[in-house]
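A.B. asks: okay, predicted coordinates and the sequence, questions at the end:
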Amino acid sequence: MKNNITLSYIVTTYNKISYLKQVLPYLLKNCQDDEEIIIVDGGSNDGTADYLQNLFEQGKIHQFISEKDRGEAEGFNKGILMAKGELVKIITDDDLFHYPNIQICKQYMLQNKEIDVVIGNMASLRLTHTHESTLRLVILKCYQKWFEEWLDKQTKNIFFCGLPLMIRKKSLAFLGLFDTSFKHIDLEYSIRISNKQANISFYTPLMLCTVINQDSVSTTAKSLADSEMKRVCNYYDFKIPPNYFSTPTKKQPTILKRIWNKGWRILGVKKQEIPVINHNYIHAEFDRFENISDLYLYLNEFLEKSNQENDKNIDNLFISRK
C-alpha cells in the first residue's frame, strides 16, 4: 500500500462495464505515485468484479470492494471512508475527466490549505433519445455564473454539478458525507455546502465531459427530480435559478416555463454548442454503438484542445474568495 497519499480517486460503478472499460484506462494512465485509486462496485453481475479483481492483482488499483449497496451516495461515502489521501476526487464510471486539470486543482488545494472544495467548468453530451437531428456537446457556463453570484453574496446557496468535485478530506467533518436519501446527490450536497458557506474555489477551464446515457442517474432517477428539488428548496430556502431546467416539460409550472425561456438572457450567458459527430454514427440506443472507444477518444481530444491555452499562472485559473 502506498504511503503519504495526497489524492484519492474514488470511483463508483454498477453494471456499466462497457463504459468503465473506456474511462478507467485514462485514470490508470494518469494516476501519480502519491495517489491512490479506490473503486466501489455496488455488486455488479456483468463481470465488473472480476475485471476489478484482475486490475487489483496487477497493482493498477489500490483498493476496491464489490458488494450490494443502496445507491451512488452510499458508494461514494464508502470510498471516502476508505481513502488515505489528503484530498478526494470524485470519479464516475462513464464520464471522461481531464487529468492534467485535476493535477492543477490538486496542486492548488495542496498550496491553499484553507480551501475546502474545488468545483469547475464542464461539458456535457447527451446520448439518450433526443429531438435533435445532430447530437451536440454543450459547454455548461451556468455553474460559473451561479458561483460568481454566490461569491458576491447575491444568493445564499447554489446548485452545481458534483462531477468536478475535489474535497479536502478533513473538511468533511464540517461539510458532511453525501445524503443517502437522495438519488441526485449533488443537488443536495452542493446546496448544503454552499449554504454552510464552505470555502469553495471554482476552476475555470473544462475539468471533464459528462456522457449522459440511458443508465445515468439523471436518466434512471428522472422521476424523482421534482420531489428532490422541492425538498432542498424547502429545507435550504433554495431559489431555483432561471435556467436550471434544460428543457420545459408539461409537468413544470407555467411560471418555470416562462423563466426557462428567458433564463439565458436574464443571466447574460449564452449557451455554447459544438457539433460533436454525425448523428448517423451514434445510435439512439447507445448499447448498440459498435465504436464506443472512438467517441471517448474524440472527447479526450476535445478536452485536450479546449485546455491547450490555459494560463500558466495557476492562481489565474481559479475564482476564489479574496
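C.D. replies: Nice, thanks for sending it over. Note that the structure is predicted; figures quoted are calculated from it, not measured.
A.B. asks: quick check: mean pLDDT of stretch 300-317?
C.D. replies: Stretch 300-317 shows a mean pLDDT of 82.
A.B. asks: endpoints of stretch 30-50, how far apart?
C.D. replies: 23 Å (CA to CA, to the nearest Å).
A.B. asks: what about the closest residue to Leu165 other than its chain neighbours, distance to Phe64?
C.D. replies: Leaving aside its sequence neighbours, Leu165 sits nearest to Ile90 (CB to CB, 6 or more residues apart in numbering; 4.6 Å). For glycine as for every other residue, the C-beta is placed from the backbone atoms N, C-alpha and C. Counting by CB to CB, to the nearest Å, the gap from Ile90 to Phe64 is 16 Å.
A.B. asks: between these two, which one's more packed in?
C.D. replies: Remark: of Ile90 and Phe64, Ile90 carries more neighbours, 23 against 20, as counted by other CB atoms under 10 Å.
A.B. asks: where does the prediction get shaky in the stretch 1-150 of the chain?
C.D. replies: Counting by pLDDT under 70, the stretch 1-150 of the chain contains low-confidence ranges at 1-2, 128-136.
A.B. asks: which residue ranges of it form strands?
C.D. replies: 7-13, 35-41, 63-66, 87-92, 96-97, 117-126, 136-140 (DSSP state E, counting those that start in this stretch).
A.B. asks: what is the last one packed up against?
C.D. replies: Think strand 136-140. Under the contact definition 3 or more CB pairs under 8 Å, 6 or more residues apart in numbering; DSSP states H and E, strand 136-140 sits against strand 117-126, strand 272-275.
A.B. asks: just the mean pLDDT for the shortest one, thanks.
C.D. replies: Strand 272-275 shows an average pLDDT of 37 in the prediction.
A.B. asks: tell me the helix or strand right after that strand.
C.D. replies: Once strand 272-275 ends, the next helix or strand along the chain (criterion: DSSP states H and E) is helix 292-306.
A.B. asks: elements contacting that following helix?
C.D. replies: helix 17-30, strand 96-97, strand 117-126, strand 200-212.
A.B. asks: which strands or helices does the first one pack on?
C.D. replies: Using 3+ CB pairs under 8 Å, 6+ apart as the contact criterion, the elements in contact with helix 17-30 are strand 7-13, helix 48-57, strand 87-92, strand 96-97, helix 99-111, helix 292-306.
A.B. asks: same thing but at 10 Å, please
C.D. replies: Contact here means 3 or more CB pairs under 10 Å, 6 or more residues apart in numbering; DSSP states H and E; on that basis helix 17-30 packs against strand 7-13, strand 35-41, helix 48-57, strand 87-92, strand 96-97, helix 99-111, strand 200-212, helix 292-306.
A.B. asks: in the stretch 151-300 of the chain, which spans are helices?
C.D. replies: 172-175, 185-195, 217-220, 225-236, 254-267, 292-306 (DSSP state H, counting those that start in this stretch).
A.B. asks: what would those look like in JSON lines with mean neighbour count?
C.D. replies: Converted to JSON lines, those look like this (neighbours: other CB atoms under 10 Å):
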{"stretch": "helix 172-175", "mean neighbour count": "13"}
{"stretch": "helix 185-195", "mean neighbour count": "23"}
{"stretch": "helix 217-220", "mean neighbour count": "16"}
{"stretch": "helix 225-236", "mean neighbour count": "14"}
{"stretch": "helix 254-267", "mean neighbour count": "14"}
{"stretch": "helix 292-306", "mean neighbour count": "16"}
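A.B. asks: re earlier: closest one to Gln214 among the helices and strands packed on strand 136-140?
C.D. replies: Among these, the nearest to Gln214 by CB to CB is strand 117-126 (10.5 Å).
A.B. asks: quick revisit: next, format the strands of the stretch 1-150 of the chain as JSON lines and append distance to Glu72.
C.D. replies: What follows is these, written out as JSON lines (distance: least, CB to CB, whole Å):
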{"stretch": "strand 7-13", "distance to Glu72": "5"}
{"stretch": "strand 35-41", "distance to Glu72": "9"}
{"stretch": "strand 63-66", "distance to Glu72": "15"}
{"stretch": "strand 87-92", "distance to Glu72": "9"}
{"stretch": "strand 96-97", "distance to Glu72": "17"}
{"stretch": "strand 117-126", "distance to Glu72": "18"}
{"stretch": "strand 136-140", "distance to Glu72": "20"}
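A.B. asks: closest one to Pro205 among the ones you listed?
C.D. replies: Across those, closest to Pro205 is strand 117-126 (CB to CB), at 6.4 Å.
A.B. asks: no further queries at this time; thank you.
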